[in-house]
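*Asks:* Following is a predicted model, sequence given first.
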Amino acid sequence: MTGAGDSRWLELAPAWAGVLVVADVHGHAERFAAFARYARTQHLFLVQLGDLIDRGPDSPGALRLARQLREDGCGEMLAGNHELKLHRLLTGRTRALAAEHRETLRQLAAAADGYELEVWFRQTFPRLPLVLGRGATVLVHGALTPAMLPPVSRLDRRQRTLALFGEVVGRRRDGLPIRGYGWLDRLPAGLLVIAGHDPLSGTCLYLRTGRGGARLLHLDAGAGQGGPLAAAVLDREGRLRTTLQIPPDHTEPRPCPVVPWPDDSLSGADGPAPPAPAARDADPG
């Protein structure tokens, strides 16, 4: 469905009515499964934006469902920084364990198919896309530049870091890294980027406009910090049709409004703090 390469075009078979883009799941497998059911009933190909694991109660369940979607040809997932961390742990490339990573490893060890999921993930992660494009819409976990727009067979190390971690501006707020969005100003007019990673949205989703006319939908509504799990529906041509979310303790998607970022003239690193902030991603790398 997606071809090959770090930055790819998403190819859809005629049976698909469009695409359901699901934000950072962070181990909330039940809500992820609800979106998978919605995608199936609406004949939508499902793309998960990365950060599938950690923080939530069922990272093995989230991995299990992502594996099923990929093997059934019904979905794809992007690589996120939390997937990178898990791959490094499982391949012995790091021993640094935060509490959230330790909990994910504990959940995998307790799952009947935990070892099988670990083997699958070790083999699959290096083949996951970092950027997916459909029409004038591009999906990425963190951030991108014009040189990273599809199709690109191999991103260099700096580009991969940008796709996985976003742009860090070298300052901190409340002890956590601040993400910059000056990269949006360098993208061409007419482009819509849908990204996760930075939980700036909440009960509504924020749409930021760059100085050159490109737009950015912040799809991460903070599921990993107690907020909703959000998703966006694209038509076959990649045009944004609607946005949805499943709040905590709910089981079915419901409509979610999209509102402009409060001051689009401050779209770069010096932009305002989120007006309804969720806890920021504490993992700087």
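*Replies:* On my side now, so go ahead. Just so you know, these numbers come straight off a predicted model, no measurement behind them. Numbering: from 1, shown residues only.

*Asks:* what's the burial count for Trp120?
*Replies:* As a burial measure, Trp120 scores 17 neighbours (other C-beta atoms under 10 Å). Where C-beta positions appear, they are placed from N, C-alpha and C, glycine not excepted.

*Asks:* Assumed it was part of a helix.
*Replies:* Yes: the assignment for Trp120 by DSSP: H, G, I helix; E, B strand; the rest coil puts it in a helix.

*Asks:* ok, and the closest non-adjacent residue to Gly50?
*Replies:* Sequence neighbours aside, Gly80 is the residue nearest to Gly50 in space, at 2.5 Å (criterion: C-beta to C-beta, 6 or more residues apart in numbering).

*Asks:* ok, how many other residues are close to the one you found?
*Replies:* 29.

*Asks:* need the next SSE after the stretch of helix or strand Arg64 belongs to, C-terminal direction.
*Replies:* Here Arg64 sits within helix 59-71, counting by DSSP states H and E. Using DSSP H and E, the next helix or strand after helix 59-71 towards the C-terminus is strand 75-77.

*Asks:* Show me the strands paired with that following strand, marking each as parallel or antiparallel.
*Replies:* strand 44-48 (parallel) (DSSP bridges).

*Asks:* Name the residues of stretch 163-179 that come out as buried.
*Replies:* Neighbour counts using 16 or more other C-beta atoms under 10 Å place Ala163, Leu164, Phe165, Gly166, Glu167, Val168, Pro177, Ile178, Arg179 of stretch 163-179 among the buried residues.

*Asks:* ok, which stretches of the stretch 51-200 of the chain are helices?
*Replies:* Using DSSP state H, counting those that start in this stretch, the helices found in the stretch 51-200 of the chain span residues 59-71, 81-90, 99-110, 114-124, 157-165.

*Asks:* before we move on, the earlier item: got the buried residues of stretch 163-179 as JSON lines, with pLDDT and distance to His26 columns?
*Replies:* Converted to JSON lines, these look like this (pLDDT from 0 to 100; distance: C-beta to C-beta, whole Å):
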{"residue": "Ala163", "pLDDT": "98", "distance to His26": "18"}
{"residue": "Leu164", "pLDDT": "98", "distance to His26": "15"}
{"residue": "Phe165", "pLDDT": "96", "distance to His26": "16"}
{"residue": "Gly166", "pLDDT": "97", "distance to His26": "16"}
{"residue": "Glu167", "pLDDT": "95", "distance to His26": "21"}
{"residue": "Val168", "pLDDT": "88", "distance to His26": "20"}
{"residue": "Pro177", "pLDDT": "78", "distance to His26": "18"}
{"residue": "Ile178", "pLDDT": "85", "distance to His26": "20"}
{"residue": "Arg179", "pLDDT": "90", "distance to His26": "17"}
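
*Asks:* That's all I had, so thanks and see you.
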